[in-house]
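Colleague: kindly generate the corresponding structure for this input.
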Amino acid sequence: MRGAMRNGIVRYSIYAAAVLVALLALNGIFDLGIGPVPVFLAAIFVPCVLIALWKFPAAFIVPVLFMPKLKPLPLLPARFQSSLTALALATSRVRHYPLLEKDFQGSLTVLGVAIVLLCAAILFRLALLATRRTRTLGELFRIQKRGILAYFLFAAVVTISYTYTHAPDYGGDKLLRFLTIGTLCFLAPFVLLREEKDFRHLLISLVGVALVAGWTRVAETSGGTFSAHEEVVHIGIGQLIGMTIVLVLYFRRLFEGRLARFLLLLCLPFLFAGLIASEVRGAMIWSLLVISLFAFIRQPNVGPRLSQRVFALGAAAVVAMLFLMPPTWVRGEAAHELRTKQEELVMLMQGKDSKHSAGKRLDFYRGALHGLSVKPVLGWGVGGWSAYYFHTDDMHYPHNLFLEVGVEEGLLGLAALLALLATAFGAARTVFREGGERFAFLLPVLIFSVGVTMTSGDIDDNRFVWFWCGTALVVYGMVKSRTQEAPTDQALVP
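Modeller: A predicted model of the protein is given here:
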């Protein structure tokens, strides 16, 4: 059956290539205005994408998680962007920033493409699961029914809060993105992360995107040049690279070959350089905290390993890199920004006030706590913190996931969020204790993901939290299923 479906994919790829070639011929006859180069590239690209959707569907999760945060990528000419941009505008914030629409049109177009490809990957995998006679998708959903219900309960509370929000425009946009893209990210692991090879494909995709994004930051930071309207600090890239570092350190047991493990470790120096160049304190601090914490935590039934000491020494070396090495290669505005952040961090540790980004965040936190005290039960509605603190219906949030939910959905929404996270962390803890070294990455990366939400982003920006919550439930179901099947398998052994 799988061979027949594979042959069908190849056949339809040939059909797609034939259609594109026919389009090129029609363009030459009727002068449609499409150049030959885009058509020939599409004739090669479309079959490759179909094969990738079939063989590596989990790799298409990464662009949806981080593409809106990465550098704009104007991959397509303007004439081809209108329809894709229309899809992206439904999940973007451009309407609030019309002057930036041209700058971010490329990234929004790529986001629209990424969403379509991820949906296509899910449909391909569902079609494949329908042909198998193994454990059904519904059985895996039933194993973690409590966690799934917790997510949709939280989504229901956020949705109801829109009925009384004072920021209907921004709140409506954020709610739409959360219910569509956020829910897609939460449910995608249940379909796309079914086997260990799917997790390997996910990591390879994550490492590739992180290396490319980090290289761009290192090149611009070391050269002291930045594009117009581009900020020196890039939160999205910092979070992406920090998450990748945590995964690489604890993901290696899913790779059997020594060469693959060695190549992953070889990526770490380049990833650390990209993390420094992004100049994101939250991602730096939380990656170091997670690495240092799990360097001294041993998994049950797993003997002590020398790598734990190596991790601790590596964390200390990274701390030294963060404060000693950057002045030697960070130049221009990036060097000034780095010194400012270091000085501000020292001031905050000494209890002094700061007027820079960290000081502003502390003001946001105090404002959010005051807003929560005014309406403690239901809050100000989704997006309502913007109307309460800035008196405007625009894109503003307190840069803390828990305070954002508390001030906008009240204690009711905060309880629903904590119930979801408690279920996810409970599943990750069980996997850490019973799943062995192969899934040891789950608990560290979940801690990192939730940690970075305390300093940046809102419920839409932090969609990777919903993804890792869903992944924790999926891996928990895999571990429990194997545990339940093990006695039966042992009974069959003579």
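
Colleague: mind checking the SS state of Ile297?
Modeller: Per DSSP: H, G, I helix; E, B strand; the rest coil, the local secondary structure of Ile297 is coil.

Colleague: run a quick neighbour tally on it.
Modeller: Ile297: 11 surrounding residues under other CB atoms under 10 Å. Bear in mind the C-beta positions are built from the backbone N, C-alpha and C, glycine included.

Colleague: separation between it and Asp394?
Modeller: 43 Å (CB to CB, to the nearest Å).

Colleague: next: Met478.
Modeller: Met478 sits 43 Å away from Asp394, going by CB to CB.

Colleague: who's more crowded, those two?
Modeller: Shown here are Met478 and Asp394; by other CB under 10 Å, Met478 has more neighbours (20 against 15).

Colleague: for the more buried one, give me the pLDDT.
Modeller: Looking at Met478, its pLDDT reads 84.

Colleague: check the one 5 residues further on too.
Modeller: Per-residue pLDDT puts Thr483 at 65.

Colleague: could you shift the numbering so residue one becomes 24, and keep it that way?
Modeller: Yes, from this point I'll number from 24; that puts the last item at Thr506.

Colleague: how about whichever strand or helix holds Ile227: buried residues?
Modeller: Assigned by DSSP states H and E, Ile227 belongs to helix 219-246. Going by neighbour count (16 or more other CB atoms under 10 Å), the buried part of helix 219-246 is 221-230, 232-234, 236-237, 239-241, 243-245.

Colleague: just stretch 301-321 next, same as before
Modeller: 301-311, 313-315, 317-318.

Colleague: now do that stretch, average pLDDT.
Modeller: Mean predicted lDDT for stretch 301-321 stands at 82.

Colleague: pull the CA atoms of that stretch into CSV?
Modeller: In CSV, the C-alpha atoms belonging to stretch 301-321 read as follows (Å, rounded to 0.1, in the frame of the first residue of the first chain):
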residue,chain,number,x,y,z
SER,A,301,21.3,38.2,18.5
GLU,A,302,21.9,40.1,21.8
VAL,A,303,18.8,38.6,23.4
ARG,A,304,19.3,38.4,27.2
GLY,A,305,16.3,36.3,27.9
ALA,A,306,17.3,33.5,25.5
MET,A,307,20.9,33.7,26.7
ILE,A,308,20.0,33.5,30.4
TRP,A,309,17.4,30.7,30.1
SER,A,310,19.6,28.6,27.8
LEU,A,311,22.5,28.8,30.4
LEU,A,312,20.1,28.1,33.3
VAL,A,313,18.6,25.0,31.6
ILE,A,314,22.1,23.7,30.6
SER,A,315,23.5,24.3,34.1
LEU,A,316,20.4,22.8,35.8
PHE,A,317,20.3,19.5,33.9
ALA,A,318,24.1,19.1,34.1
PHE,A,319,23.5,18.0,37.7
ILE,A,320,20.2,16.2,37.3
ARG,A,321,20.6,12.5,36.5
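
Colleague: I'd like the distance between Leu216 and Ile227.
Modeller: Counting by CB to CB - Leu216 and Ile227 are separated by 14 Å.

Colleague: and what of Ile138?
Modeller: Here the criterion is CB to CB. By it, Ile138 lies 21 Å from Ile227.

Colleague: repeat for Glu218
Modeller: Glu218 is 15 Å from Ile227, by CB to CB.

Colleague: so who does Ala173 touch?
Modeller: Ala173 is in contact with Ala439, Ala442, Leu443, Thr446, counting by CB atoms under 8 Å, 6 or more residues apart in numbering.

Colleague: so which strand or helix has it?
Modeller: helix 168-184.

Colleague: again with Leu392
Modeller: helix 380-397.

Colleague: so Leu226 touches Val269, yeah?
Modeller: No - the pair Leu226 / Val269 is not scored as a contact, 11.1 Å apart, by CB atoms under 8 Å.

Colleague: helices and strands around the host helix or strand of Leu311, which ones?
Modeller: Element membership for Leu311, per DSSP H and E: helix 304-317. Counting contacts by 3 or more CB pairs under 8 Å, 6 or more residues apart in numbering; DSSP states H and E, helix 304-317 packs against helix 258-274, helix 281-301, helix 329-347, helix 465-475.

Colleague: if we can go back for a sec, tell me the mean pLDDT for the helix holding Ala173?
Modeller: On average, helix 168-184 scores 93.

Colleague: report the buried residues of that helix.
Modeller: Gly170, Ile171, Ala173, Tyr174, Leu176, Phe177, Ala178, Val180, Val181, Ser184.

Colleague: could I get those residues as JSON lines with distance to Ala450?
Modeller: Below are these laid out as JSON lines (distance: CB to CB, whole Å):
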{"residue": "Gly170", "distance to Ala450": "7"}
{"residue": "Ile171", "distance to Ala450": "11"}
{"residue": "Ala173", "distance to Ala450": "11"}
{"residue": "Tyr174", "distance to Ala450": "12"}
{"residue": "Leu176", "distance to Ala450": "16"}
{"residue": "Phe177", "distance to Ala450": "16"}
{"residue": "Ala178", "distance to Ala450": "19"}
{"residue": "Val180", "distance to Ala450": "21"}
{"residue": "Val181", "distance to Ala450": "22"}
{"residue": "Ser184", "distance to Ala450": "27"}
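
Colleague: closest one of those to Ile264?
Modeller: Tyr174 (27.0 Å; CB to CB).

Colleague: buried sites along stretch 430-440?
Modeller: Val430, Glu431, Glu432, Gly433, Leu435, Gly436, Leu437, Ala438, Ala439, Leu440.

Colleague: those in helices, which ones?
Modeller: Val430, Glu431, Glu432, Gly433, Leu435, Gly436, Leu437, Ala438, Ala439, Leu440 (DSSP state H).

Colleague: with adjacent residues omitted, what lies nearest to the last one?
Modeller: The shortest distance from Leu440 to any residue that is not its chain neighbour, by CB to CB, 6 or more residues apart in numbering, is 5.0 Å, and that residue is Val428.

Colleague: isn't that neighbour right up against Leu441?
Modeller: No - with contact defined as CB under 8 Å, Val428 does not count as touching Leu441 (9.1 Å).

Colleague: and these two? Which one has more around it.
Modeller: Higher neighbour count among Val428 and Leu441: Val428, with 29 against 14, using other CB under 10 Å.

Colleague: the more buried one: what secondary structure?
Modeller: helix.

Colleague: now do it against Met266, distance only.
Modeller: Counting by CB to CB, the gap from Val428 to Met266 is 21 Å.

Colleague: do the same with Leu146
Modeller: Distance, Leu146 to Met266, using CB to CB: 27 Å.

Colleague: now Phe319
Modeller: 21 Å.

Colleague: over to Met418?
Modeller: With CB to CB as the criterion, Met418 and Met266 are 24 Å apart.
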